[in-house]
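Asker: just coords:
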């Protein structure tokens, strides 16, 4: 089941939550809507589900217009951020709910309901909790039950709103992998909302980066990480160093430093922003032409598998962050307070209007 | 379960030691609270029953065999039996609207629900006199069509409904607001109809709060004096509720009968309190067994 979103617009009073959003979710893909809070990602998810209605624009499932369809008839599975399990029902009854509320003609008999519910509970590996009540479960267990309940109605589309947002770090990592495996088994078209870039990059087939009600970029995790389409995406995905620069005839000038910018060969004295990721920075003991900054090492932080350096530029005192491997760090034998040169290996430059 | 209770107990002890007062202060506080309660709550309650039984059980029971007393009891129960279901339906719908939806005039609605708490019951009664009385807005039309509202059962029911208006809604609004609407949304996404959602998800979640509100509504409906007094007209055997009957008997120096009827109201109040405690206990148990 593919989802096509066409020119969707949604305002809450004066606040424009979604501004002319168009997006295709191909059948069987797991797509992440990624963005800071208030960017409209949850609103978009709720519009796909039918829990909200757009002010303008259409939603198609497999080419069929469902914009005016009631949420009850859309056959979507929705997993809420805070689980929304029915607290007065056992786990079994929670999962059985979607089958029990069907009209008599399509409702399976008791034995069939029993079979289906246990099958789903086995799928989420929690069959032994069937007789418990939701408040007796841990957060991770509740979320898996919520997923089993959503799958019970055999949804055409699975929608998850910050599915791991309320869980602690370790459980979150386990559940992420588990969700990915589950999706690989079921191949149900799924959209999940998250503000956690690591989560989106790890789990999703395709990441949709949103900001202030518009889509900034759509692409595979490596596309959006390696080739960010806008300064916002650069900022939002991972740490980044920002330099104010001037671009002229294919070269960017940052202070005394001159960097090649062949993609802006036509620019004349344009002001621009240059972005460099901390792991795309090389540290050298000797200056190497005009393309290296002279810096002083302020702090050295060993963080697990890498070393993070806090550096201060000598020309204007601006702060630069660099990440080195342990091998490179030992090789250079760096000490705090030393003066060294940094050379960006990879720079992305965005012209400012 | 056992470990949970044990740790609960431990934290309680540690907590109370940390903020403990000297023993004499504790005893002084407890004694003054008990003394106050005894003087203002227990003594009057005991007085009602002793006065009622002063001339023996036979005289006490005779007070209820009187036709006027029976009709007063009957009218009290009738008014409560109409007011409670009406306010149950109204209270649930108002709480639903306020807790689950955003609309213009919501704060006005919340304020209006509190109105019966804010105005004196006598004023409430007078409002109905102004509306339905002979000189009132609808009085002329009603009397020409031979409908009796004022000084009749409908007036008493209306006044009772008015004063007991807020109890159910007030009880449910904070409860439903705290529970949010995610469970209802989940039910709808799973294919439930509006009714299925209400009966299977909403109602079970609010049942203890709802029962609590109903008990309070019922207690107030049976005990209401001021508003009913204004609209009733005090026609013996016709429009006297139990509280009004007590007043009449008392004014006629028929103390035993007055206190006998009062003891019935007091007894109903005690039953209400017992039910209320039971509901609170059940609600608390429902929470702990689920945790």
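Answerer: Looks like it came in fine. Keep in mind the model is a prediction, meaning the values are calculated, not measured. Residues are numbered from 1 along each chain as shown, chains lettered A, B, ... in the order given.

Asker: Just list the residues touching residue A:38, thanks.
Answerer: residue A:212 (C-beta atoms under 8 Å, 6 or more residues apart in numbering or on different chains). (Each C-beta comes from the backbone N, C-alpha and C, glycine too.)

Asker: What separation is there between it and residue A:56?
Answerer: Remark: distance between residue A:38 and residue A:56 (C-beta to C-beta, to the nearest Å) = 21 Å.

Asker: Return the set of buried residues in the helix or strand harbouring residue B:272.
Answerer: Secondary structure assignment for residue B:272, by DSSP states H and E: helix B:255-289. Across helix B:255-289, burial judged by 16 or more other C-beta atoms under 10 Å in any protein chain shown covers B:256-266, B:268, B:272, B:275, B:279.

Asker: where does the chain have low pLDDT?
Answerer: By default, I'm working from chain A. Across chain A, residues meeting the criterion (pLDDT under 70) sit at A:353.

Asker: my bad, chain B
Answerer: If you take pLDDT under 70 as the line, chain B has these spans: B:1-18, B:287-291.

Asker: Quick check: residues of it near chain A?
Answerer: B:182-183, B:185-193, B:196, B:200-201, B:204-205, B:286, B:289-291 (C-beta under 8 Å from any C-beta of the partner chain).

Asker: Now go through these and say which are in helices.
Answerer: B:182, B:183, B:185, B:186, B:187, B:188, B:189, B:196, B:204, B:205, B:286, B:289 (DSSP state H).

Asker: Quick check: the fifth one touching residue B:196?
Answerer: Yes: counting by C-beta atoms under 8 Å, residue B:187 does reach residue B:196; the two are 7.1 Å apart.

Asker: So the two - more neighbours on which side?
Answerer: Higher neighbour count among residue B:187 and residue B:196: residue B:187, with 24 against 17, using other C-beta atoms under 10 Å in any protein chain shown.

Asker: what sits against the more buried one?
Answerer: A:86, A:97, A:101, B:196, B:197, B:200, B:201.

Asker: repeat for residue A:132
Answerer: A:90, A:91 are the contacts of residue A:132 under C-beta under 8 Å, 6+ apart.

Asker: repeat for residue B:130
Answerer: B:136, B:137.

Asker: so where does it fall, helix or strand?
Answerer: With DSSP H and E as criterion, residue B:130 is part of helix B:121-132.

Asker: Quick one: name the residues of the stretch 51-200 of chain A near chain B.
Answerer: A:51, A:71-72, A:76-78, A:80, A:82, A:84-89, A:97-98, A:101-102, A:133-136, A:149-150, A:152-153.

Asker: Which ones among those residues lie within helices?
Answerer: Short answer: those in helices (DSSP H) are A:97, A:98, A:149, A:150.

Asker: Now neighbour count too, for the residues you listed, in JSON lines please.
Answerer: Shown next, in JSON lines, are those (neighbours: other C-beta atoms under 10 Å in any protein chain shown):
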{"residue": "A:97", "neighbour count": "24"}
{"residue": "A:98", "neighbour count": "24"}
{"residue": "A:149", "neighbour count": "30"}
{"residue": "A:150", "neighbour count": "23"}
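
Asker: What is the nearest of these to chain B?
Answerer: Closest approach between those and chain B, by C-beta to the nearest C-beta: residue A:98, at 3.8 Å.

Asker: ok, now how distant is the closest one from residue B:239?
Answerer: Counting by C-beta to C-beta - residue A:98 and residue B:239 are separated by 54 Å.

Asker: Now residue B:94. Nearest residue, chain neighbours left out?
Answerer: residue B:169 (4.5 Å; C-beta to C-beta, 6 or more residues apart in numbering or on different chains).

Asker: Counting by contacts, list what the helix or strand hosting that neighbour packs against.
Answerer: Per DSSP H and E: residue B:169 is located in helix B:166-179. If you count contacts as 3 or more C-beta pairs under 8 Å, 6 or more residues apart in numbering or on different chains; DSSP states H and E, helix B:166-179 packs onto helix B:67-100, helix B:106-118, helix B:203-223.

Asker: ranking the ones you listed by burial, who's on top?
Answerer: The highest mean neighbour count among the helices and strands packed on helix B:166-179, using mean count of other C-beta atoms under 10 Å in any protein chain shown, belongs to helix B:203-223: a mean of 20.

Asker: Could you give the separation of the next helix or strand after that one from the chain centroid?
Answerer: Next along the chain after helix B:203-223, taking DSSP H and E as the criterion, comes helix B:226-232. Taking C-alpha atoms, centre = their mean, to the nearest Å, the mean C-alpha location of helix B:226-232 is offset from the chain mean by 17 Å.

Asker: wouldn't residue A:269 be in contact with residue A:246 here?
Answerer: Yes: if you go by C-beta under 8 Å, residue A:269 and residue A:246 touch, sitting 6.3 Å apart.

Asker: For the two, indicate the residue with more neighbours.
Answerer: Neighbour count, other C-beta under 10 Å: between residue A:269 and residue A:246, residue A:246 has more, with 15 against 9.

Asker: Strand partners (parallel or antiparallel) of the helix or strand encompassing the more buried one?
Answerer: Here residue A:246, judged by DSSP H and E, is contained in strand A:241-248. Here strand A:241-248 is paired, per DSSP bridges, with strand A:251-254 (antiparallel), strand A:270-276 (antiparallel).

Asker: which of the residues in stretch A:216-229 are buried?
Answerer: Buried-residue list, stretch A:216-229, by 16+ other C-beta under 10 Å: A:216, A:217, A:218, A:219, A:221, A:224, A:225, A:228, A:229.

Asker: out of those, which one sits closest to residue B:108?
Answerer: residue A:216 (42.2 Å; C-beta to C-beta).

Asker: List the backbone torsions phi and psi for residue A:4.
Answerer: Here is the backbone geometry of residue A:4 (degrees, to the nearest 10): phi -120, psi 130.

Asker: For the strands paired with strand A:241-248, give me TSV that also has mean neighbour count.
Answerer: Shown next, in TSV, are these (neighbours: other C-beta under 10 Å):
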stretch	mean neighbour count
strand A:251-254	20
strand A:270-276	19
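
Asker: how about the ones you listed in a markdown table, adding distance to residue B:66?
Answerer: Shown next, in a markdown table, are the strands paired with strand A:241-248 (distance: least, C-beta to C-beta, whole Å):
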| stretch | distance to residue B:66 |
| --- | --- |
| strand A:251-254 | 102 |
| strand A:270-276 | 94 |
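
Asker: closest one to residue B:249 among those strands?
Answerer: strand A:270-276 (89.9 Å).

Asker: List the strands paired with whatever helix or strand comes next after the closest one, with their directions.
Answerer: Using DSSP H and E, the next helix or strand after strand A:270-276 towards the C-terminus is strand A:281-284. According to DSSP bridges, strand A:281-284 forms sheet pairs with strand A:339-344 (antiparallel).

Asker: which residues sit against the helix holding residue B:169?
Answerer: Under the contact criterion C-beta under 8 Å, 6+ apart, helix B:166-179 has outside partners B:87-88, B:90-92, B:94-96, B:98-100, B:110, B:113-117, B:205-206, B:209-210, B:212-214, B:216-217, B:220.

Asker: report the angle between the axes of it and helix B:203-223?
Answerer: 160 degrees (axes from the mean of the first three to the mean of the last three C-alpha atoms, to 10 degrees).

Asker: Tell me which residues of helix B:166-179 come out buried.
Answerer: B:166, B:167, B:168, B:169, B:170, B:171, B:172, B:173, B:175, B:176, B:179.

Asker: What's the nearest residue in the stretch 151-300 of chain A when you look at chain B?
Answerer: For the stretch 151-300 of chain A, C-beta to the nearest C-beta, closest residue to chain B: residue A:153, 5.7 Å.

Asker: which of the residues of the stretch 51-200 of chain A next to chain B count as buried?
Answerer: Buried among those by 16+ other C-beta under 10 Å: A:51, A:71-72, A:76-78, A:80, A:82, A:84-89, A:97-98, A:101-102, A:133-134, A:149-150, A:152-153.

Asker: need the helices for the stretch 1-150 of chain A, in chain order.
Answerer: A:41-49, A:91-100, A:110-123, A:139-151 (DSSP state H, counting those that start in this stretch).
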